[in-house]
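**Q** Fold the following, please.
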Amino acid sequence: MGKDQRRPRNKGSRPGYSGHCVSHRLNDQELYRLSILKLRDEGKLSLDDPVARYVPALAGLPYPTEDSPTLTIRHLLTHSEGFPEDNPWGDRQLAQSDETIRAWMRAGIPFSNAPGTAYEYSNYGFAILGQVVTRAREDHTPSTCATKS
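**A** Purely as a prediction, here's the structure:
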């Protein structure tokens, strides 16, 4: 397709895209990162907050070792949460409902490392990060949503 033949981008065509607010199903990690940093700047969360504060399904999460640090937002942002790499499984979990993802979390998340000890890319971690964003911006104000024109 030539430059003049490009189709206009339909912002409603992306899964999970409501036109102005982030959704955990949206595969847009930069948007998650920016949303988290904006929420931090607004004082609505800290990067060192436990993830379970925003995602109660993780409250009883069994860690890989007795001295593992508590899973934090910073761990999710930096792919150091300790979850195994999930590229073969990839983005399939991003299309799941909130309730399905919460059920998976309640059933337990496998760890390959203790949180904060190693980098390992995890789409699942970013799906959880999307839930943190949703919970932290409970007032749903436009200031914490991505706007598109």
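**Q** Which residue ranges of the protein form helices?
**A** 29-41, 73-77, 98-107, 123-136 (DSSP state H).
**Q** export those to JSON lines and tack on mean pLDDT?
**A** Output for the helices of the chain, formatted as JSON lines (pLDDT from 0 to 100):
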{"stretch": "helix 29-41", "mean pLDDT": "90"}
{"stretch": "helix 73-77", "mean pLDDT": "96"}
{"stretch": "helix 98-107", "mean pLDDT": "76"}
{"stretch": "helix 123-136", "mean pLDDT": "87"}
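**Q** Quick one: closest of these to Asp49.
**A** helix 73-77 (5.5 Å; C-beta to C-beta). The C-beta positions use only the backbone N, C-alpha and C, and glycine is treated the same way.
**Q** Could you list every helix and strand in contact with the helix-or-strand element of the chain with minimal mean pLDDT?
**A** Lowest by mean pLDDT, DSSP states H and E among the helices and strands of the chain is helix 98-107, with a mean of 76. Helix 98-107 sits against helix 123-136, with contacts defined as 3 or more C-beta pairs under 8 Å, 6 or more residues apart in numbering; DSSP states H and E.
**Q** Quick check: buried residues in the helix it packs on?
**A** 123-134, 136 (16 or more other C-beta atoms under 10 Å).
**Q** try stretch 44-61
**A** Lys44, Leu45, Asp49, Pro50, Val51, Ala52, Arg53, Tyr54, Val55, Ala57, Leu58, Leu61.
**Q** Which residues does that stretch contact?
**A** 36, 39-40, 70-77, 102-103, 105-106, 108-109, 128, 131-132, 135-137, 144 (C-beta atoms under 8 Å, 6 or more residues apart in numbering).
**Q** Spit out the contact partners of the nearest residue to Arg33 once chain neighbours are set aside.
**A** Spatial nearest neighbour of Arg33, chain neighbours left out: Leu77 (6.3 Å); criterion: C-beta to C-beta, 6 or more residues apart in numbering. Residues in contact with Leu77 (C-beta under 8 Å, 6+ apart) are Arg33, Ile36, Leu47, Leu129.
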